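Q: my questions are about this predicted structure, shown below with the sequence.
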Amino acid sequence: MLHWFAIPAIVYLRSGFGFSFLSPKSVFLVFSWATVLFTIYAWLEEGAWQSYWALSSLGMGAAFLYVTHLVVAFTRETRRTGKHDFYSGTSHILKLPGLTQFRGNARIELAIQLWVEPLIVLVVATILRSFFAEHLLSQWLRLVAVAMWCKEFINYWYHLRHRKKQEDVFSDAEETMDGNPSATEFAAPNATGRKPREKRQRATTASGQSDEELRFAEVLRLLPPYDLQQAEQNYCALMKSCRPDPNDESARNGQRVAELHDAIEFFRSRPNGTG
């Protein structure tokens with residue numbers, strides 16, 4: 001229901017949504033179909049269009065924008081260039097002259113999406129009711145403003161819980177590794193008497209693991225025996241933690257992302273994905 005009421009205004013106020021944020025597709029597509037039928041009724045019924053034209057126009061525009069954003073987000077996902085999950089879009093307010101420097105600032109975006117945008121919708125509803133006597137649309141916009149705030153608060157709360165859970169997992173992993181040195185410390189290979197070779201062989205530890213494998217396992221924070229499923233889970237969590245801001249393209253983040261990509265590709269390329 002929050003998606004039903006909130007999205008008609010959100011798709012007007014923002015762009016660049018994450019695919020998962022638009023995921024309640026069935027709910028809003030039903031809303032879109034109902035809006036189409038209602039608009040047809042208002043157009044054909046004698047005297048109805050004068051009362052419902054504003055409501056129908058806003059709903060039809062929202063349905064069109066929603067489908068457009070959904071197609072764009074899906075295309076980005078298939079090309080692996082999409083925003084992180086549940087990214088609730090970039091406000092058009094941050095595209096105004098003098099405010100562009102705040103794009104990518106998580107606190108500013110949260111303040112705008114949680115407080116400024118619902119306030120704008122409430123102001124528009126008040127203007128429509130006071131100066132244009134548009135009661136139906138103004139009443140709907142008041143519900144939309146409340147739904148926008150609730151939906152953005154739930155999204156913010158999800159991020160807080162996800163970050164806390166992620167920090168707990170990493171903290172537990174570090175404690176386990178600190179308490180079991182044998183899991184991370186391996187005897188160096190004995191290279192005494194080794195003759196020089198034209199092609200350098202991959203160095204291995206006493207347990208048969210290569211230096212490359214140990215390095216990639218450390219990047220993904222894996223403990224032996226290595227499991228591809230755990231590697232995939234850690235990879236997704238670390239990608240989100242090292243790139244909390246989709247607009248951050250610093251060299252440090254780029255290097256970290258490249259390391260994570262190399263590590264997961266290494267484990268994916270193994271015969272059984274395990275070690």
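A: Good, I have the coordinates.
Q: please parse the chain into its domains.
A: Split into domains by automatic domain parsing, the chain comes to 2-159, 203-268.
Q: Asp168: which of the ones you listed is closest?
A: domain 203-268 (11.2 Å; C-beta to C-beta). In this view, the C-beta of every residue, glycine as well, is placed from N, C-alpha and C.
Q: now do the closest one: distance to the chain's middle.
A: Here domain 203-268 is found 20 Å from its chain centre; the criterion is C-alpha atoms, centre = their mean, to the nearest Å.
Q: got it, and stretch 21-34?
A: Relative to its chain's centre, stretch 21-34 lies at 19 Å (C-alpha atoms, centre = their mean).
Q: mind putting the domains of the chain in a markdown table, distance to Asp168, mean neighbour count and mean pLDDT included?
A: Listed next are those as a markdown table, based on distance: least, C-beta to C-beta, whole Å; neighbours: other C-beta atoms under 10 Å; pLDDT from 0 to 100:
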| stretch | distance to Asp168 | mean neighbour count | mean pLDDT |
| --- | --- | --- | --- |
| domain 2-159 | 15 | 16 | 92 |
| domain 203-268 | 11 | 15 | 73 |
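Q: and after the helix or strand encompassing Arg161, which helix or strand comes next?
A: Under the criterion of DSSP states H and E, Arg161 resides in helix 135-179. With elements assigned by DSSP H and E, the helix or strand that comes after helix 135-179 is helix 211-219.
Q: taking helix 135-179 as reference, get the angle to that following helix.
A: Relative orientation of helix 211-219 versus helix 135-179 (axes from the mean of the first three to the mean of the last three C-alpha atoms, to 10 degrees): 130 degrees.
Q: show me what the following helix or strand past helix 211-219 is packed up against.
A: Counting by DSSP H and E, the next helix or strand C-terminal to helix 211-219 is helix 228-242. When contacts are defined as 3 or more C-beta pairs under 8 Å, 6 or more residues apart in numbering; DSSP states H and E, helix 228-242 packs onto helix 135-179, helix 251-268.
Q: how about residues contacting helix 228-242?
A: Applying C-beta atoms under 8 Å, 6 or more residues apart in numbering, the contact partners of helix 228-242 are 84-85, 162-163, 166, 169-170, 220-222, 253, 256-257, 260, 263-264, 267-268, 270, 272-274.
Q: quick check: Ala62 touching Trp4?
A: No. In this structure Ala62 lies outside contact range of Trp4 using C-beta atoms under 8 Å: 10.6 Å.
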